[in-house]
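Asker: Kindly generate the corresponding structure for this input.
(one chain, ligands or ions: 1)
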Amino acid sequence: MYDINPIRADFPILGRTVYGKPLVYLDNGATTQKPRCVVEAITNEYYNTNANVHRGVHFLSQQATELHEASRETVRRFINARSTTEIVFTRGTTESINLLAATFCPSQMQAGDEVIVSTMEHHSNIVPWQLQAMQRGIVLRVIPMDDQGNLLQDEYERLFSPKTKLVSIAHVSNVLGTVNPVREMIRTAHAHGIPVLVDGAQSIPHMPVDVQALDADFYVFSGHKVYGPTGVGVLYGKEDWLDKLPPYQGGGEMIQHVSFERTTFNELPFKFEAGTPDYIGTTGLARALDYVSALGMDNIAAYEHELTQYALQRLGEIPGMRIFGRAKERGGVISFLVGNIHHFDLGTLLDRLGIAVRTGHHCAQPLMTRLGIEGTVRASFGLYNTREEVDALVAGIERVRKMF
Ligand code: PMP
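Answerer: Next comes the predicted model:
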């Protein structure tokens, strides 16, 4: 049962107006709104349980630590990791990928070794590897795609060489909505003995994810895109791999013993968690994961699929509409241009009608280059969006189109 009205009522911000118009929030790919229970969990911890974790003998510190570690267990369960030792808390997807690049490349790669990424990666799955390329001469190889937004699997297979050391790909494109066949792509990589990092920023909020079923070696996501707070995210890594990697940052928490002569490091996952963690954020994230779990990830996926099909059909009726991303398997991210209206103008005028969309290159400039455009307008759906909001978007675009 998916009852949209009580669900919307859980998100106070959806009831507000902008420029005197009801808010139509279609920028969920950038960040999602927060249900009341998440905000309350955060407030409640600040009011009642705030103390630094993992350090104190006192009551509050122990309670805060229990909450923080219970949140780790909630994340483990949500993605079906084998153990909480495999759940590293970070600031978000970007930090998770940077952590991996900064630890994997120096320890597992030499100059000339290769990382395979794809044409449709977000900058946060390109630039961390380029920083490593500058420092140690590692090389990026790029999986091409067809005009519909499908990665070319034959070309992918051909990219493997004795120099390949890692594959790092998005589960779902934040521009095209393409759901990449990551399970098959992981199988291919493993056949070559190569581990795979999956960027789950755009998949975690929209579909059930089972890291063991995928057999992903690393899986990363951000809390704020899955109805949780900003500033907290996750790096899942198979224990064997995490054990092989050196620490990321140095500081408190990540050590076992420090002396000026020799320092030893803490066990997993704390080896990668230097400094005071965002223990309030992890509480908020766990509450968000509980919230979407209660709705059911399968139900959310089915609801959003239906809404996306409706939106694709309605938007497709608009004269001059060009939709980028026609993969068979696609999520609720729709990038488009209309006639020769500049994406920025369209986005700005829609905003005046209360409709929040994203415009620009969406942190995927190499993909824009591949598409031969500078940017798009992007509508991206969340679990609370409705057909009426799609209708408002379509009516808004029609209005702008007539102005031009
Ligand atoms: N990867 C993808 C596919 C994304 O969509 C985003 C966010 N737009 C990121 C990575 C980066 O996420 P964050 O800014 O939360 O670190």
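Asker: quick one: the strands in the stretch 201-350 of the chain?
Answerer: Under the criterion DSSP state E, counting those that start in this stretch, the stretch 201-350 of the chain contains strands at 218-222, 233-237, 255-257, 264-265, 321-324, 333-338.
Asker: These into TSV, with extra columns for distance to the ligand and mean neighbour count?
Answerer: Just so you know, the C-beta spots here come from the backbone N, C-alpha and C atoms, and that holds for glycine as well. As requested, the strands of the stretch 201-350 of the chain are exported to TSV (distance: least, CB to the nearest ligand atom, whole Å; neighbours: other CB atoms under 10 Å):
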stretch	distance to the ligand	mean neighbour count
strand 218-222	3	29
strand 233-237	6	29
strand 255-257	26	12
strand 264-265	25	12
strand 321-324	15	17
strand 333-338	9	24
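Asker: can I get the ones you listed in JSON lines with distance to Glu114 and mean pLDDT?
Answerer: Supplementary listing: those in JSON lines, determined by distance: least, CB to CB, whole Å; pLDDT from 0 to 100:
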{"stretch": "strand 218-222", "distance to Glu114": "17", "mean pLDDT": "99"}
{"stretch": "strand 233-237", "distance to Glu114": "20", "mean pLDDT": "98"}
{"stretch": "strand 255-257", "distance to Glu114": "33", "mean pLDDT": "94"}
{"stretch": "strand 264-265", "distance to Glu114": "29", "mean pLDDT": "95"}
{"stretch": "strand 321-324", "distance to Glu114": "28", "mean pLDDT": "98"}
{"stretch": "strand 333-338", "distance to Glu114": "29", "mean pLDDT": "98"}
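Asker: Quick one: closest of those to Asp3.
Answerer: Ranking those by distance to Asp3, with CB to CB as the measure, places strand 333-338 first at 24.6 Å.
Asker: so the nearest residue to Thr376 once chain neighbours are set aside bridges to which residues?
Answerer: In space, and not counting its chain neighbours, Thr376 is closest to Ser335: 4.0 Å by CB to CB, 6 or more residues apart in numbering. For Ser335, the beta-bridge assignment (DSSP bridges) gives partners Phe324, Arg378.
Asker: Could you shift the numbering so residue one becomes 214, and keep it that way?
Answerer: New numbering, starting at 214: the last item is Ser548.
Asker: near the ligand, which residues of the stretch 314-463 of the chain show up?
Answerer: Taking CB under 6 Å from any ligand atom, the part of the stretch 314-463 of the chain that reaches the ligand is made up of 335, 337-338, 383, 387, 412, 414-415, 435.
Asker: Looking at the residues you listed, which one is closest to Leu562?
Answerer: Distance from Leu562 was checked for each of those by CB to CB. The minimum falls on Asn387, at 23.1 Å.
Asker: give the contact list for that closest one.
Answerer: Taking CB atoms under 8 Å, 6 or more residues apart in numbering as the definition of contact, the neighbours of Asn387 are 242, 335, 414-415, 546, 575-577, 593.
Asker: Closest to Pro375 out of the residues of the stretch 314-463 of the chain next to the ligand?
Answerer: Each of these was scored against Pro375 by CB to CB, and Asn338 proved nearest at 23.4 Å.
Asker: Now the closest one, what are its backbone angles?
Answerer: phi -110, psi 20 (degrees, to the nearest 10).
Asker: shouldn't it be in contact with Asp412?
Answerer: Yes. The pair Asn338 / Asp412 is scored as a contact, 5.0 Å apart, by CB atoms under 8 Å.
Asker: Could you check how far Ala540 is from Thr521?
Answerer: When distance is defined by CB to CB, to the nearest Å, Ala540 is 12 Å away from Thr521.
Asker: any shared contact partners between those two?
Answerer: Gly390.
Asker: Of the strands of the stretch 414-563 of the chain, which is nearest Asn265?
Answerer: If we rank those by CB to CB, the stretch that ends up nearest is strand 468-470, at 15.9 Å.
Asker: contacts for that closest one?
Answerer: 476-480.
Asker: Can you tell me the number of residues neighbouring Asn265?
Answerer: When counting by other CB atoms under 10 Å, one arrives at 14 neighbours for Asn265.
Asker: One more: Phe272?
Answerer: Counted with other CB under 10 Å, residues neighbouring Phe272 total 10.
Asker: next one: the one 10 residues further on
Answerer: Using other CB under 10 Å as the criterion, Glu282 is surrounded by 15 other residues.
Asker: my guess is it contacts Thr298, does it?
Answerer: No. Taking CB under 8 Å as the definition, Glu282 is not a contact partner of Thr298, at 11.4 Å.
Asker: Please enumerate the helices of this protein.
Answerer: Listed in chain order, the helices found in the chain under DSSP state H are 217-222, 249-261, 272-292, 306-321, 340-349, 366-372, 395-404, 424-427, 452-457, 492-508, 510-529, 556-565, 578-584, 600-616.
Asker: got the buried residues for the longest one?
Answerer: Read it as helix 272-292. For helix 272-292, burial by neighbour count (16 or more other CB atoms under 10 Å) applies to 274-278, 280-281, 284-285, 287-289, 291-292.
Asker: Which one of these is nearest to Gln343?
Answerer: Taking CB to CB as the measure, Gln343 lies nearest Ile292 of these, at 27.9 Å.
Asker: For that closest one, give me its contacts.
Answerer: Residues touching Ile292, when contacts are defined by CB under 8 Å, 6+ apart, comprise 417, 422-424, 432, 447, 449.
Asker: I'd like the distance from it to Asn263, if you could.
Answerer: Counting by CB to CB, the separation of Ile292 from Asn263 is 28 Å.
Asker: And for Val445?
Answerer: Val445 sits 16 Å away from Asn263, going by CB to CB.
Asker: what do you get for Ala324?
Answerer: Counting by CB to CB, the gap from Ala324 to Asn263 is 47 Å.
Asker: Comparing the two, which shows the higher neighbour count?
Answerer: It is Asn263, of Ala324 and Asn263, that has more neighbours when counted by other CB under 10 Å, with 14 against 10.
Asker: these two touch, right, the more buried one and Leu273?
Answerer: Yes. The pair Asn263 and Leu273 qualifies as a contact (CB under 8 Å) at a distance of 7.0 Å.
Asker: and the gap between the residue of the stretch 514-617 of the chain found nearest the ligand and Leu344?
Answerer: The shortest separation between the stretch 514-617 of the chain and the ligand is 5.8 Å, found at Cys576 (distances taken as CB to the nearest ligand atom). Distance, Cys576 to Leu344, by CB to CB: 16 Å.
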